[in-house]
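Chemist: The following block contains a protein sequence and its predicted model.
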Amino acid sequence: MARRRFISGFRRTFLTGLAALFPILITVFLLSWLYGQIDRTVGRRVNGVCRSVLVNHTALFKTVFPGAPPDVLEDPERRKEYAEEKFPGFVGVSIGILLALVIVYLIGFLLRSYLGARLMDAVDRFFERFPVIKAIYPHARQVANFLFGPRDRVGFRRVVAVQYPRHGIYAIGFRTGEGLRDVQQKAGQDLVAVFIPTSPAPVTGFVILVPRDEVMDLEMSVEEALRFCMTAGMVAAPNQRRPAGSKEQQGIGPAVSATDRLKKAASEET
């Protein structure tokens with residue numbers, strides 16, 4: 001029994017530590033991988049060109065390395081060895097990062113034009129022709145547009161809460177539009193469109209039409225609501241976190257079981 005409690009406690013503690021370290025490790029891994037890719041493709045080549053220029057120009061070499069010994073300045077081979085040892089490697093990586101930012105900006109600038117948009121549509125159609133790629137590429141494109149696309153393009157105006165799928169249960173959603181005219185006329189109510197995201201992938205979900213007076217605006221940004229949905233409600237914005245303490249201290253009454261509610265309803269009927 002004691003052994004089982006120890007294993008259970010160890011497992012919970014280990015999973016708690018893993019959950020805390022996992023996002024940090026993922027972030028460090030991605031940044032390290034990105035740094036390595038830039039260093040291998042651009043940084044090392046840029047550093048090689050810079051060292052070659054310094055070795056072939058004694059005056060420039062002396063300016064960059066003012067503390068170099070005289071015998072190094074006089075010998076090209078010694079200058080090459082000295083430059084490989086002393087030249088800072090971060091120069092090439094910094095230029096590579098700057099170059100990557102410029103390339104991404106230029107691609108974005110091109111895609112915002114009419115010809116760029118047509119070209120991107122052609123690329124999308126090309127990748128969607130392949131049997132395996134077409135099952136992955138459209139979803140990756142949807143996620144990219146959702147995460148990095150402009151909010152006005154996504155259409156999320158504000159974060160709201162609605163009672164769904166029944167009264168008494170609240171769902172977080174995004175106000176997206178004014179609804180459909182035919183539905184409003186036949187329902188006889190002023191309806192608005194609300195997108196209900198699914199967890200943990202809020203890029204998917206469904207649209208419901210809700211009476212305007214039943215939509216509750218929330219003091220949350222779109223990013224905070226997306227984070228709340230992606231973590232299945234485990235991560236909330238600082239201004240939305242409930243204070244620590246008992247339910248009574250938080251203004252919430254004691255929990256009432258379903259049996260107690262049935263007994264109360266029966267007594268009220270009699």
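Modeler: Sure, I can see it.
Chemist: Sketch out the low-pLDDT regions of the stretch 51-200 of the chain for me.
Modeler: For the stretch 51-200 of the chain, residues meeting the criterion pLDDT under 70 lie at 142-143, 145-157.
Chemist: Would you map the strands across it?
Modeler: Under the criterion DSSP state E, counting those that start in this stretch, the stretch 51-200 of the chain contains strands at 158-163, 170-177, 191-197.
Chemist: ranking these by burial, who's on top?
Modeler: Most buried of those, by mean neighbour count (mean count of other C-beta atoms under 10 Å): strand 191-197, with a mean of 20. For glycine as for every other residue, the C-beta is placed from the backbone atoms N, C-alpha and C.
Chemist: Can you name the next helix or strand after that one?
Modeler: As assigned by DSSP states H and E, the chain's next helix or strand after strand 191-197 is strand 205-211.
Chemist: Run the angle between that next one and strand 170-177 for me.
Modeler: In terms of direction (axes from the mean of the first three to the mean of the last three C-alpha atoms, to 10 degrees), strand 205-211 departs from strand 170-177 by 80 degrees.
Chemist: before we move on, the earlier item: output the strands of the stretch 51-200 of the chain as TSV; include the columns distance to P211.
Modeler: Output for the strands of the stretch 51-200 of the chain, formatted as TSV (distance: least, C-beta to C-beta, whole Å):
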stretch	distance to P211
strand 158-163	9
strand 170-177	13
strand 191-197	6
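Chemist: so which of these comes closest to G108?
Modeler: For the strands of the stretch 51-200 of the chain, proximity to G108 was assessed by C-beta to C-beta; strand 170-177 is nearest, at 24.7 Å.
Chemist: Parallel or antiparallel, list what pairs with the closest one.
Modeler: strand 158-163 (antiparallel), strand 191-197 (antiparallel) (DSSP bridges).
Chemist: now those strands as JSON lines including distance to S52?
Modeler: As requested, the strands paired with strand 170-177 are exported to JSON lines (distance: least, C-beta to C-beta, whole Å):
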{"stretch": "strand 158-163", "distance to S52": "56"}
{"stretch": "strand 191-197", "distance to S52": "54"}
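Chemist: show me where the stretch 51-200 of the chain has helices.
Modeler: For the stretch 51-200 of the chain, applying DSSP state H, counting those that start in this stretch gives helices covering 58-64, 70-74, 76-86, 90-111, 114-127, 137-148, 151-154, 181-187.
Chemist: Return the distance of the fourth one from the chain's centre.
Modeler: Just to be clear, that refers to helix 90-111. Computed by C-alpha atoms, centre = their mean, to the nearest Å, the chain-centroid distance of helix 90-111 equals 21 Å.
Chemist: Let's see that helix as PDB, backbone CA atoms only.
Modeler: Once non-C-alpha atoms are left out, helix 90-111 reads as follows in PDB (Å, rounded to 0.1, in the frame of the first residue of the first chain):
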ATOM      1  CA  PHE A  90      27.900  35.800 -34.100                       C
ATOM      2  CA  VAL A  91      28.500  38.300 -37.000                       C
ATOM      3  CA  GLY A  92      27.400  35.800 -39.600                       C
ATOM      4  CA  VAL A  93      24.400  34.600 -37.600                       C
ATOM      5  CA  SER A  94      23.300  38.200 -37.000                       C
ATOM      6  CA  ILE A  95      23.500  38.900 -40.700                       C
ATOM      7  CA  GLY A  96      21.700  35.700 -41.500                       C
ATOM      8  CA  ILE A  97      18.800  36.600 -39.100                       C
ATOM      9  CA  LEU A  98      18.600  40.100 -40.600                       C
ATOM     10  CA  LEU A  99      18.600  38.600 -44.100                       C
ATOM     11  CA  ALA A 100      15.900  36.100 -43.200                       C
ATOM     12  CA  LEU A 101      13.700  39.000 -41.800                       C
ATOM     13  CA  VAL A 102      14.200  40.900 -45.000                       C
ATOM     14  CA  ILE A 103      13.300  37.900 -47.200                       C
ATOM     15  CA  VAL A 104      10.200  37.200 -45.200                       C
ATOM     16  CA  TYR A 105       9.200  40.900 -45.400                       C
ATOM     17  CA  LEU A 106       9.700  41.000 -49.100                       C
ATOM     18  CA  ILE A 107       7.700  37.800 -49.600                       C
ATOM     19  CA  GLY A 108       4.900  39.300 -47.500                       C
ATOM     20  CA  PHE A 109       5.100  42.500 -49.400                       C
ATOM     21  CA  LEU A 110       4.800  40.600 -52.700                       C
ATOM     22  CA  LEU A 111       1.900  38.500 -51.500                       C
END
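Chemist: Fine by me, we can end here.
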